[in-house]
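A.B. asks: structure, please.
(chains A and B)
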Amino acid sequence: DAGVTQSPTHLIKTRGQQVTLRCSPKSGHDTVSWYQQALGQGPQFIFQYYEEEERQRGNFPDRFSGHQFPNYSSELNVNALLLGDSALYLCASSSSQIRGGYTFGSGTRLTVV
Amino acid sequence: GESVGLHLPTLSVQEGDNSIINCAYSNSASDYFIWYKQESGKGPQFIIDIRSNMDKRQGQRVTVLLNKTVKHLSLQIAATQPGDSAVYFCAEKPTGTYKYIFGTGTRLKVLA
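C.D. replies: Numbering: from 1, shown residues only, chains lettered A, B, ... in the order given. Modelled structure (predicted):
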């Protein structure tokens, strides 16, 4: 049973560029959350998607946007990249039918130069 | 602002000893708490959870204690093993929200 899969694993982008990160949730999960984890820090909540809509958003600018598809997979888009966007981006999935924590993917390491 | 935990401290323990990792949370309205383990190059892995109407929960080799009076959470690991070496995060979920607030974590080093 595949867990949460994220792609790509590593990415290098230039300031001002745009990036799209992808996530496939664990089988049976219908909710996807995205977190940003800077080096040496805990993950910070970006937003959560459920039923193809953004259900809650953290304190991130509008440059961060997302999408959830009918098969529950999700994308995170970041526009006008800044050096400070360099981080590990984690996707976490969960089930709306089962109360409990997330299953995290291994993340996408984004480096902005 | 929102915060859980402190700047990343390191806890070193001898193999076979018990470990206690502490966490201070800031939101008294949180109703659910989780401990996660993160190994290098991996995403956080669920260890154990506890609801705000409980003060203790035990799992296999792990125990979580919740003290709502002082907004403190702890993770106890019995008979610590080399495979327990990782960064441990506590996370809280404020009531009525879907997000988790993570702290900066504690690095656990197990000495052979």
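
A.B. asks: number of nearby residues for residue B:110?
C.D. replies: Number of residues near residue B:110 (other CB atoms under 10 Å in any protein chain shown) recorded here: 20. For glycine as for every other residue, the C-beta is placed from the backbone atoms N, C-alpha and C.

A.B. asks: okay, and the beta partners of the most centrally placed residue in chain A?
C.D. replies: The residue lying closest to the centre of chain A (CA atoms, centre = their mean) is residue A:34, at 3.2 Å. Beta bridges link residue A:34 to residue A:47, residue A:91, judged by DSSP bridges.

A.B. asks: next one: it from chain B, what distance?
C.D. replies: Going from residue A:34 to chain B by CB to the nearest CB, to the nearest Å gives 11 Å.

A.B. asks: so who does residue B:65 touch?
C.D. replies: Contacts for residue B:65 (CB atoms under 8 Å, 6 or more residues apart in numbering or on different chains) come out as B:55, B:56, B:73, B:74, B:76.

A.B. asks: do the same with residue A:13
C.D. replies: A:19, A:81, A:110, A:111, A:112, A:113.

A.B. asks: from the residues you listed, which is closest to residue A:44?
C.D. replies: residue A:110 (13.9 Å; CB to CB).

A.B. asks: check the offset of the strand or helix carrying that closest one from the chain's centre.
C.D. replies: According to DSSP states H and E, residue A:110 maps onto strand A:108-112. The chain centroid and the centroid of strand A:108-112 are separated by 12 Å, computed with CA atoms, centre = their mean, to the nearest Å.

A.B. asks: quick check: bridge partners of residue B:66?
C.D. replies: residue B:73.

A.B. asks: what about it, how many neighbours?
C.D. replies: Count around residue B:66 with other CB under 10 Å applied: 21.

A.B. asks: could I get the contacts of residue B:65 as CSV with pLDDT?
C.D. replies: Formatted as CSV, the contacts of residue B:65 follow (pLDDT from 0 to 100):
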residue, pLDDT
B:55, 96
B:56, 98
B:73, 96
B:74, 97
B:76, 98
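
A.B. asks: taking these together, which two end up most distant?
C.D. replies: B:55 and B:76 (13.3 Å).

A.B. asks: the two - which one has more neighbours?
C.D. replies: Comparing residue B:55 with residue B:76 by other CB under 10 Å, the one with more neighbours is residue B:76, at 16 against 12.

A.B. asks: good, we can wrap up now.
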